Each structure stands twice: as C-alpha cells, then as structure tokens.
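J.: any chance you could fold what I've pasted below:
(one chain, ligands or ions: 1)
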Amino acid sequence: MNSRRDFLQKMTASAVAFSFFPRSGSATMNELSDQPYQGPVLRVAIMGLGSYGSRVAEAMQTCKKAKLAGVISGTPSKIKDWQSKYNIPEKNCYNYENFDRIKDNPDIDAVYVITPNGLHREQVIRVAKAGKHAICEKPMALNAKEGQEMIDACKKAKVKLLVGYRMHFEPKTLEIIRMRKDGELGKVLFFQGLSGFRIGDPNQWRLDRKLAGGGAMMDIGIYSINGARYMIGEEPIWVTAEETKTDHVKFKEGVDETIQFQLGFPSGAVASCLSTYTMNNLDRFFLNGEKGFAELQPSTGYGPIKGRTNKGELTHPHITHQTVQMDEMSGIILEGKQPIVPVDGEEGLKDLKIIDAIFLAAKTGKKVDLKL
Ligand code: NAD
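T.: All right, here's what the predicted structure looks like:
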C-alpha cells in the first residue's frame, strides 16, 4: 500500500466486510456487538427436513435476526426429532397436505423451501397464497416459465420471494466484486467456472428428471452460471454449449452428466464453464481483467472459501454461509435492505433463462441469443 487512494480503498473494503462479518473463526454477527440485538427477527419454517434443510437449521441457531420457528415435513418422526432438538411447538408443525393452514399462524413470517427442485414451483405458490414470504432453494424451479409463475404469485400475494444464493453474502466473493467494481481489475475480459462432483447413488432424486429438472446443470453447474454473472457484473447475451455423456444408464435422457458452456457479455467479456456429475475437485472460479486477476478455489463449497488476487491472498474470515445468509435475508424481508448481489426471484429467473438456453444450445449445437 503506497498511496492514499489504496489506503482508502482498503479501509472501505474492511468497513464493508466488518458491517457484514465478524473478525475471526466461524463466529456469527451475534459476536459483533456486546449489545443484545433489539431489532426485528424473521421467524422461519423450514419445508423439507433433508440434508440441506438440516444444515440450514443448524446454522440458524447462531443467527441474530432469524429464528427457526416451524417445520413442514412428510415424515412424522423427523418432525418429532426437530421439535425436541430445536424446541418447536406442535402448533408450528405441518405436513405437505395441511401446510396451507400456515396462513392462520401469526408466529411464522416466512417458509424456506428446501425440497427437490421439481416441487419448488407448487410449494412456493402455496406459501405465497398463505400470505407468507418465501425463500426457495436453488435452482428456483425447473425452467424459466415456472420461475415466472412463482414471481407472479408472490407479487400478487404481496410477499417477498428470495432464492438461497448463499455465496452472495460470502466475504471473499464480495471482496472480488468490490475490486472489480472499483476498477482494480481493469476491464474484465474472461471468467472461468468449474463446478462439479462425482455423484453417487443412481436412485437419488438428483438423477430423476421429473424431480431434478435435469442433471448436474440444475444442481451444481448453476453455480458457474450465477458466478459468471456476479463476477463479470453483466448479463450474458448469448450462450453456446456442448454435452458429453459417458454413462447412459446412470444419466438418462434429459439428465445431463457433463456440459461445457460459454457465455458472451455485452462488453465483449466471455465466460467458459464446466458443469459435471462425473469429476471431483471441480470448484474453481477465475476472473481475468486487464489490470489484475482473482481466483477462488474452493469457490462455492460450504467453506472455508480460499482465494487470491494479483494483490495477494484473500484473508477474510470464514463464517458459516447459511448463518449470515439468513441474517441478511431477515434484513431484506423485514427491513427492506438491499443486498450487494440480488437474491430475489428475478435473480433466480435469470439463471433459469440461461439454463433453458444452455439446454437448447447443447441440443441444437447452435449459438442461442439471450435477453435477460
Ligand atoms: P435431500 O434429498 O437431502 O432432502 C430433500 C428433502 O425433501 C427430504 O427431507 C425429503 O424427504 C423431502 N421430500 C419431500 N417430498 C419429496 C419427494 N417427492 N421426493 C424426494 N424428497 C422429498 O436434498 P437436499 O440436498 O436437502 O436438497 C434440497 C434442495 O436444496 C434442492 O433444491 C437442492 O438443490 C438445494 N440445495 C442447496 C444447497 C446450497 O448450498 N444452497 C445445497 C444442497 C442442496
């Protein structure tokens, strides 16, 4: 640091980071202040008590502005377990048949839908009709048409719709976005996103087209799509894509195993990405500008995220992603706060439009134009 400008930029970055995140360990915002939190608390019911729902529930235990208040599940034994673990009253427990009654429950503000992708549309629309805010896991739906229907339903019901994009609150990610916005990377020309893992059990819903809406692209490739957009800071105007399949039994018709895709942006920047269910150790973002670069590896896992730029290693502390996500989403829903990177239904819809276009490009072999 040898100029006043660099110093001020560094100060601004720390101030931004500090307003969001604590200084060390995997602590939460609770530890930022000695003062007990007095503001509004978002009371959330989780729908779908599976592996990610369990992770979110655990992370919410250290939230300051959000609280796990209810559950919606088709498995009575899971409801009992969660009730005793998280002290959830019977009146805040529902199943998939009766959860519309949540509209008469004044102790729940929002429902977080964490079920298989193919159920999101119908469940979010029912949540909206019950007058509750909806937080929906990614991918928001199976395609853009469904996504638009969810947005319309939430608008009509005057409730908010957010998508569980936890990386939009991650400190190292936000620092790279700040550097790009402040011109520290110069004109951005290229992004590379590698997103994949080797999927196990062939009978899981993630490999069932009706419930998953596709294969790796819906589940993990979406991180590279979303990442390309928030790293480059523009919306793509065209896509090309090529699909390869090595196992036609495990990855049936309509369930993609590996897709390489390219996105073109209005400034001339391009993104080159890989989405796969066949290779491990694929979790990497690389952003290249005329004056600098930034890389994250791992880039979207549960953390700690690791990264460096041309200025050196990124040292922002790890914080449990879902804890900060839920605290920040509480601020968005209850206090009208604006996140640095949007997490609303329109943001989820953009990714779905790109996925629709990638599938079309892979099928036809043609470049597909996009208007987001
Ligand atoms: P999971 O299989 O572990 O859990 C799904 C839950 O939905 C289970 O409790 C299951 O009982 C319930 N369910 C209800 N109806 C069902 C049906 N018809 N078929 C199958 N299950 C049914 O899955 P998961 O890993 O928790 O994923 C759930 C959602 O969360 C998906 O949309 C996924 O993309 C998303 N997810 C997001 C992240 C993230 O980091 N943001 C991570 C993992 C999963």
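
J.: residue of the stretch 1-150 of the chain closest to the ligand, please.
T.: residue 50 (1.8 Å; C-beta to the nearest ligand atom). From N, CA and C alone the C-beta is placed, and that goes for glycine too.

J.: what residues are up against the residue nearest to that residue when sequence neighbours are not counted?
T.: Nearest residue to residue 50 in three dimensions, chain neighbours excluded: residue 114, at 6.8 Å (C-beta to C-beta, 6 or more residues apart in numbering). By C-beta atoms under 8 Å, 6 or more residues apart in numbering, the contact set of residue 114 is 46, 47, 48, 50, 52, 53, 56, 137, 164.

J.: what bridges to the second one?
T.: Here residue 47 sits in beta bridges with residue 72, residue 113, going by DSSP bridges.

J.: state the distance from it to residue 199.
T.: 24 Å (C-beta to C-beta, to the nearest Å).

J.: between these two, who's got more neighbours?
T.: residue 47 (30 against 19; other C-beta atoms under 10 Å).

J.: just checking, residue 105 touches residue 90?
T.: No: shown here, residue 105 and residue 90 do not form a contact pair, counting by C-beta atoms under 8 Å, at 11.7 Å.

J.: go ahead and flag the most central residue of the protein.
T.: Geometric centre of the chain, nearest residue: residue 165, 1.8 Å, by C-alpha atoms, centre = their mean.

J.: still on that earlier bit, since we're on the residue of the stretch 1-150 of the chain closest to the ligand, how many residues are nearby?
T.: With other C-beta under 10 Å as criterion, residue 50 counts 15.

J.: please apply the same query to residue 98.
T.: Using other C-beta under 10 Å, residue 98 is surrounded by 10 other residues.

J.: repeat that for the one 5 residues further on.
T.: Summarising burial for residue 103: neighbours were counted as other C-beta under 10 Å, giving 14.

J.: name the SS class of residue 284, please.
T.: strand (DSSP: H, G, I helix; E, B strand; the rest coil).

J.: can you tell me the SS state at the residue lying closest to residue 57 once chain neighbours are set aside?
T.: Counting by C-beta to C-beta, 6+ apart, residue 57 lies nearest to residue 68, which is 5.4 Å off, once chain neighbours are set aside. Here residue 68 is strand, with the state taken from three-state DSSP.

J.: which residues of the chain score low on pLDDT?
T.: 1-34 (pLDDT under 70).

J.: now do the same contact list for the spatially closest residue to residue 216 that is not a sequence neighbour.
T.: Leaving out its chain neighbours, the residue that sits closest to residue 216 by C-beta to C-beta, 6+ apart is residue 277, at 4.0 Å. Each residue near residue 277 by C-beta under 8 Å, 6+ apart is listed here: 196, 197, 198, 199, 215, 216, 219, 220, 251, 256, 257, 258.

J.: interface residues of the stretch 201-350 of the chain facing the ligand?
T.: 205, 211, 219 (C-beta under 6 Å from any ligand atom).

J.: is it true that the first one touches residue 218?
T.: It stands for residue 205. No: judged on C-beta under 8 Å, residue 205 makes no contact with residue 218 at a distance of 11.1 Å.

J.: list residues touching both of those two?
T.: Counting by C-beta under 8 Å, 6+ apart, the common neighbours of residue 205 and residue 218 are residue 212.

J.: how about the helices in the protein?
T.: For the chain, the helices defined by DSSP state H cover 4-20, 51-60, 76-86, 117-129, 144-156, 171-181, 209-212, 216, 222-232, 321-335, 345-364.

J.: residue 186 reaches residue 289, doesn't it?
T.: Yes: using C-beta under 8 Å, residue 186 makes contact with residue 289 at a distance of 4.3 Å.

J.: neighbour count: the two, which is higher?
T.: residue 289 (22 against 14).

J.: now the more buried one: how far from residue 270?
T.: 13 Å.

J.: quick check: neighbours shared by those two?
T.: Going by C-beta under 8 Å, 6+ apart, residues that sit against residue 289 and also against residue 270 are residue 189.

J.: quick one: residues contacting residue 330.
T.: 40, 41, 42, 63, 65, 66.

J.: same list, the residues you listed, but only the ones touching the ligand.
T.: Of the contacts of residue 330, not one also sits near the ligand (C-beta under 6 Å from any ligand atom).

J.: export those to JSON lines and tack on neighbour count and distance to residue 301?
T.: As requested, those are exported to JSON lines (neighbours: other C-beta atoms under 10 Å; distance: C-beta to C-beta, whole Å):
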{"residue": "40", "neighbour count": "14", "distance to residue 301": "31"}
{"residue": "41", "neighbour count": "17", "distance to residue 301": "29"}
{"residue": "42", "neighbour count": "25", "distance to residue 301": "26"}
{"residue": "63", "neighbour count": "26", "distance to residue 301": "21"}
{"residue": "65", "neighbour count": "20", "distance to residue 301": "25"}
{"residue": "66", "neighbour count": "29", "distance to residue 301": "22"}
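
J.: more crowded one of residue 105 and residue 90?
T.: The neighbour comparison of residue 105 against residue 90 (other C-beta under 10 Å) goes to residue 105, with 18 against 7.

J.: for the more buried one, list the residues it contacts.
T.: 70, 91, 92.

J.: once you drop chain neighbours, what's closest to the last one?
T.: Distances taken as C-beta to C-beta, 6+ apart place residue 70 nearest to residue 92, at 3.4 Å, with adjacent residues excluded.

J.: what number of residues lie near that neighbour?
T.: Count around residue 70 with other C-beta under 10 Å applied: 27.
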